[in-house]
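In: Requesting a structural model of the entry that follows:
(chains A and B)
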There are 2 protein chains.
Amino acid sequence: MTNALQPGATIGILGGGQLGRMLSMAAARLGLKTHIFEPAANPPAGDVAHRVTTAGYDDIDALKAFANSVDIITYEFENIPTEALDVIESVRPIHPTRNALAVSQDRITEKAFLTDLGITVAPYAQIDSLSDLTAALETIGTPAILKTRRFGYDGKGQARITDFTQAEDAFDALKGAPAVLEGFVNFTREVSVIAARGIDGAVVCYDPGENVHKDGILDTTTVPAALAAGQHMDAILLAGKILNALDYVGVMGVELFVTDTGLIVNEIAPRVHNSGHWTQNACVIDQFEQHIRAVAGWQLGDGQRHSNAVMTNLIGDDVLDYANLEGALHLYGKADVKIGRKMGHINRISPKE
Amino acid sequence: MTNALQPGATIGILGGGQLGRMLSMAAARLGLKTHIFEPAANPPAGDVAHRVTTAGYDDIDALKAFANSVDIITYEFENIPTEALDVIESVRPIHPTRNALAVSQDRITEKAFLTDLGITVAPYAQIDSLSDLTAALETIGTPAILKTRRFGYDGKGQARITDFTQAEDAFDALKGAPAVLEGFVNFTREVSVIAARGIDGAVVCYDPGENVHKDGILDTTTVPAALAAGQHMDAILLAGKILNALDYVGVMGVELFVTDTGLIVNEIAPRVHNSGHWTQNACVIDQFEQHIRAVAGWQLGDGQRHSNAVMTNLIGDDVLDYANLEGALHLYGKADVKIGRKMGHINRISPKE
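Out: Numbering: from 1, shown residues only, chains lettered A, B, ... in the order given. Below is the predicted model of the structure:
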């Protein structure tokens, strides 16, 4: 394929957490090297990367040197400062591209983009003032969730409003951050589709997995999700529509609510996704390799599922029991166990029928 | 488990080739670090290891520093010089242990060990002189294979003797190296069993795979091997017997000939084995993780096969076609393509029934 990276080439990865670590291992399987850029010392990805740069996203010289040392750049998280992207993009291509980042970095932009595609999202309103919020609560009703437009993850930067009297406290807690009010969606289950799109426009979707959260953090993903055949197909088509609209290259996680009236997109993440970790042990080619194949300009691999799977996150102290867990264990090499910290996960597979 | 390594501990690996590379990735999955000791610069394992020491096996200081920097030591090849083992073993434990290495480093010792266990091997004779060889040819007959006792791999250091007149040339080609003459075995197929034994004595055997060689180098391994139920069980029991007799800790490759009169052991390798690469994509826990689990003192994992598999080695120029190959690709990150060099492999799986 034209412009495809050759084995021995180097992929730069912004972010050295567990996603960068698993991307690095997938790249190594394909004979590709990785160079991790990460502000924090001793990142989990460092142990399996060819090279690590420890520097901040405001270090222009480090960003330039990093970009010059690699053949292409990708990332493990979407909240990369725009200024840093400007610097590195002037040196090497970034995949997925800036428009995918722009759409997913801001909840309002994301919802507007999805709505334009004819995809249903939860009722929402832009909140820049307390009067915006009280007006939006009149329209959307309660319960509703007030979220910062940017930089939210694992339930951080969110407040649930069940009563109008909570509006002022919730607004004050934002400390002036631009926000969005989302109406509560009465869903029967939450599923996600991990979808990949190659540089040639080919799309491969993994079977939808069903997610259960605990304390705002993903707890388990079960595959297959209990979906009617029509919903299964809707979920896949919807994911493909999003990737095509963005002329996307790489893996994307699409989180969906299943409701009595159809599927609602909760959010999209322009990267490999926690709810796709099950693919490591239940598919021929997992989400990490699929992402590397896409950004390297290779043909996508076979994403078929050979087994059913349950992925369970190991959060905080969960990991201390690692020696007694049956299944395929994946630990992230993080030195300190902290409450709410993702320390690893375990994939348990069973025959498909 | 007592003395089991904790996540974050470091495993030293002697040898930085593709086996060391895949062992390093398996260790990383379990949150363990690796330190590679390898004489050659830029070893394939280096890209995915926490640390690399580039030094010769005669560099006592480097060996000591290496051993002191790790918690336990294992290896990817059996021909480690005895003097180097003496140095590092005085600092840290080595698994599999010295007796497994001693047995497998020398073809005569290996055959004597197996014979003592009641296991059938090919007829053989120790060859230290031309008269030994002519006498042995009288007893064993032709065709027969003259092999160096030590340091042979991938058909190197071997000569086939089909006629008595070839004896002198074959002997001269040894250049004085101690040798063994092996009688030709009329086998219907060659299979191998990849077996693991934990520090607690538990044994896990993978299903036997059937091997086909090309030009003396493994070409494909197909699983399951076409074995009668009785032969399947014989193969597994025989492997278990060998591991138990050595009080073995780690993964071993046991190569077997299937004949009309039963199974004959061709050779054993005290390490992960090329004919076990299929486990990466057809088992919950592959041979690399199983080896790391064993030497780290962890419980062995689930070695069950969820799919059928065909592993195909990519030798020399085979690798140039990597972009067009379907299946799970594994490239070793070797810079130079050479004739006969193992550059990667590809695993293709299919449903079990």
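In: Looking at the stretch 251-353 of chain A, which residue is nearest chain B?
Out: residue A:331 (3.0 Å; CB to the nearest CB). Using the backbone N, CA and C atoms, a C-beta is placed for each residue, glycine as well.
In: Going by neighbour count, which residues of the helix or strand in which residue A:268 is found are buried?
Out: Per DSSP states H and E, residue A:268 falls inside strand A:262-269. Using 16 or more other CB atoms under 10 Å in any protein chain shown as the test for burial, strand A:262-269 gives A:263, A:264, A:265, A:266, A:267, A:268, A:269.
In: Next secondary structure element downstream of it?
Out: Criterion used, DSSP H and E; the element after strand A:262-269 is helix A:279-282.
In: Quick check: mean pLDDT of that following helix?
Out: For helix A:279-282, mean pLDDT is 98.
In: Chain B contacts on the stretch 201-350 of chain A?
Out: A:281, A:284-285, A:298-299, A:301-302, A:306-307, A:319, A:322-323, A:326-333, A:335, A:344, A:349 (CB under 8 Å from any CB of the partner chain).
In: try 10 Å this time
Out: Within the stretch 201-350 of chain A, the positions near chain B by CB under 10 Å from any CB of the partner chain are A:280-286, A:289, A:293, A:297-299, A:301-302, A:304, A:306-307, A:319-320, A:322-335, A:337, A:343-344, A:347-350.
In: The stretch 1-150 of chain A now?
Out: A:1, A:4, A:6-8, A:10, A:21-22, A:24-34, A:44-51.
In: Buried among those residues? Make that a PyMOL selection.
Out: A single PyMOL command selects the buried members of those (16+ other CB under 10 Å):
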select buried, chain A and resi 7+10+21+22+24+25+26+27+28+29+30+31+32+33+34+44+45+46+47+48+49+50+51
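In: Pretty sure residue A:163 is one of the things residue A:141 touches, is it not?
Out: No: the criterion here is CB atoms under 10 Å, and residue A:141 misses it with residue A:163 at 11.2 Å.
In: More neighbours: these two, which one.
Out: residue A:141 (12 against 9; other CB atoms under 10 Å in any protein chain shown).
In: quick one: the more buried one from residue A:161, how far?
Out: Note on residue A:141: its distance to residue A:161, by CB to CB, to the nearest Å, is 10 Å.
In: what's the answer for residue A:270, then?
Out: Distance of residue A:270 to residue A:161, given as CB to CB: 29 Å.
In: Neighbour count: these two, which is higher?
Out: residue A:270 (27 against 22).
In: how about the more buried one, what does it touch?
Out: Going by CB atoms under 10 Å, 6 or more residues apart in numbering or on different chains, residue A:270 touches A:74-75, A:77-78, A:95-97, A:99-105, A:242-243, A:246, A:248, A:250-253.
In: Recalculate using a threshold of 8 Å.
Out: For residue A:270, the contacting residues are A:78, A:96, A:100, A:101, A:103, A:104, A:248, A:250, A:252, by CB atoms under 8 Å, 6 or more residues apart in numbering or on different chains.
In: now, which of those sits nearest residue B:58?
Out: Nearest to residue B:58 out of those is residue A:250 (CB to CB; 47.6 Å).
In: Count the neighbours of the closest one for me.
Out: 26.
In: tell me which element the nearest residue to residue A:39 once chain neighbours are set aside falls in.
Out: Distances taken as CB to CB, 6 or more residues apart in numbering or on different chains place residue A:56 nearest to residue A:39, at 4.8 Å, with adjacent residues excluded. For residue A:56, there is no host helix or strand (DSSP H and E).
In: Quick check, pLDDT for residue A:56.
Out: 97.
In: Wait, it touches residue A:38, no?
Out: No: counting by CB atoms under 8 Å, residue A:56 does not reach residue A:38; the two are 9.7 Å apart.
In: More neighbours: these two, which one.
Out: Taking other CB under 10 Å, residue A:56 and residue A:38 do not tie; residue A:38 has more neighbours (24 against 14).
In: check contacts around that one.
Out: Neighbouring residues of residue A:38 by CB under 8 Å, 6+ apart: A:14, A:15, A:16, A:17, A:20, A:45, A:46, A:52, A:53, A:54.
In: run the last query once more with 7 Å
Out: For residue A:38, the contacting residues are A:15, A:16, A:52, A:54, by CB atoms under 7 Å, 6 or more residues apart in numbering or on different chains.
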